[in-house]
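Novice: just to be clear, the model below is a prediction. Sequence and coordinates:
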Amino acid sequence: MCEPYCEKNDAFFAVMDLLDNNSTNFDVTYPTTYILGHQILLANNFYGVVTEKSSRKMSAFTSVMIRLYLTNNELQPMIDFEEQLTQLIYDSGRYNLLSGHVGSDNIVEKEVKKLGTSTAPYLGLSLILLCGFLMICSLRILIVSVQKL
């Protein structure tokens, strides 16, 4: 169901399991770590990482990015999910201690359309003001050159 995106957040969940279990058998290094002999890239999920200089062992991090990849034969259920997730993160006020952000092609498209429709009426006004400014500057130069004669 999640193919081909099933393993995108596995590194994050593996590290969280290690930290939850207070496991001391593993040193979590950054940007890659080895868990049970497998190299796992942590740089895609963890940001603002503080490491120990000599061992690259991760001692703290400030941000985590969890990627959600939606796959469906129809577009509308994914748009509905995205709208509900956006409302939950930004408008619900349920998670005051967490700072979340949502981004997708659909959200960017909506914002660009919104920005375009809200600023389009001012485009004509800005062109008129620009032309007026150019005319005033041209007349000023013309007046100065006539006075020199």
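Specialist: Good, I have the coordinates. Numbering: from 1, shown residues only.
Novice: hey, let's count contacts and neighbours off CA atoms from now on
Specialist: Will do.
Novice: pop out the phi and psi values for V49.
Specialist: phi -80, psi 140 (degrees, to the nearest 10).
Novice: ok, it - how many residues close by?
Specialist: 16 (other CA atoms under 10 Å).
Novice: in contact with it, which residues are there?
Specialist: With contact set as CA atoms under 8 Å, 6 or more residues apart in numbering, V49 has these partners: Y30, M58, S59, A60, F61, T62.
Novice: the third one belongs to a strand, doesn't it?
Specialist: Yes. According to DSSP: H, G, I helix; E, B strand; the rest coil, S59 belongs to a strand.
Novice: just to revisit the earlier point, and the contacts of V49 as a markdown table, adding distance to L70?
Specialist: Formatted as a markdown table, the contacts of V49 follow (distance: CA to CA, whole Å):
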| residue | distance to L70 |
| --- | --- |
| Y30 | 28 |
| M58 | 31 |
| S59 | 32 |
| A60 | 30 |
| F61 | 27 |
| T62 | 26 |
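Novice: of those - the most surrounded one?
Specialist: Counting by other CA under 10 Å, top hit in those: Y30 with 21 neighbours.
Novice: in this structure, which residue is most central in space?
Specialist: G103 (5.8 Å; CA atoms, centre = their mean).
Novice: need the pLDDT of that residue.
Specialist: If you check G103, the pLDDT there is 81.
Novice: could you look up the SS state of it?
Specialist: Assignment for G103 (three-state DSSP): coil.
Novice: which ones are touching it?
Specialist: G103 touches nothing, counting by CA under 8 Å, 6+ apart.
Novice: buried residues in stretch 128-146, which are they?
Specialist: By neighbour count with 16 or more other CA atoms under 10 Å, stretch 128-146 contains no buried residues.
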